[in-house]
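In: Give me a model of this one.
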Amino acid sequence: MSKAIFKKVVLLSVFCIAMISLALYLPMTCYGQEEYEPCPMRVEVSPYQVNIDSGGVEHYVRVLTYTWYSNTDTDKTFVYINDNEDPIDSNYIKLTRDSIGHLVVKIDLIALQEAGLEVDTTHDLKIVAGLKVPTDDCVEKEGVGEIYIIGKKGK
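Out: Predicted coordinates:
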């Protein structure tokens, strides 16, 4: 009888050690591997329809966001066109705020002209705003708006 009890105690001990080892190992393997998903941000492009051939000094497309902005809130803001991996050059982007205090991203029309966008087509503008001080567990906010590009006929 004591042999059967001894086997059960040993088997139960080995099982407990294995479970404890697995429980301690899981947080170490998962730590730092969790994929980060940015928080959503509502985005509106104004004007929605842009003539790519127009221009002039400081001709901007405004992207209105519905996230709070001050010079101390936003670390960096990037603008991507149509799932492009490279953002628009920061020299073509100005950050301002509207009368309520929301972030407004102004994109110089030259950046859109240099991107070689197809005319008479809708394109996506993705805005990624990094926050200096995380809010609501968000390190950055991301939103996508659409812009319709028009140009001269025959181009």
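In: Please name the residues that touch residue 86.
Out: residue 80 (Cβ atoms under 8 Å, 6 or more residues apart in numbering). The C-beta positions use only the backbone N, C-alpha and C, and glycine is treated the same way.
In: backbone phi and psi for it, please?
Out: Here is the backbone geometry of residue 86 (degrees, to the nearest 10): phi -100, psi 130.
In: Return the per-residue confidence for it.
Out: On pLDDT, residue 86 comes in at 89.
In: Then residue 32?
Out: Value for residue 32, per-residue pLDDT: 45.
In: cool, the one 10 residues further on as well?
Out: At residue 42 the predicted local distance difference test score is 91.
In: give me phi/psi at residue 96?
Out: The phi and psi values for residue 96, taken as degrees, to the nearest 10, are phi -140, psi -170.
In: three-state assignment of the closest residue to it other than its chain neighbours?
Out: Nearest residue to residue 96, sequence neighbours excluded (Cβ to Cβ, 6 or more residues apart in numbering): residue 104, at 4.8 Å. Using DSSP: H, G, I helix; E, B strand; the rest coil, the structure places residue 104 in strand.
In: Wait, residue 104 touches residue 95, no?
Out: Yes - using Cβ atoms under 8 Å, residue 104 makes contact with residue 95 at a distance of 7.4 Å.
In: who touches both of those two?
Out: Applying Cβ under 8 Å, 6+ apart, one finds that residue 104 and residue 95 are jointly contacted by residue 69.
In: The residue nearest to residue 96: neighbouring residues, count only.
Out: By other Cβ atoms under 10 Å, 16 other residues sit near residue 104.
In: for the helix or strand harbouring residue 142, packing partners?
Out: In this structure, residue 142 sits in strand 138-150 according to DSSP states H and E. Here strand 138-150 touches strand 39-40, strand 43-46, strand 49-51, strand 60-68, strand 121-135, going by 3 or more Cβ pairs under 8 Å, 6 or more residues apart in numbering; DSSP states H and E.
In: Which among the ones you listed is found nearest to residue 142?
Out: Proximity to residue 142, assessed across those by Cβ to Cβ, is greatest for strand 121-135 (4.9 Å).
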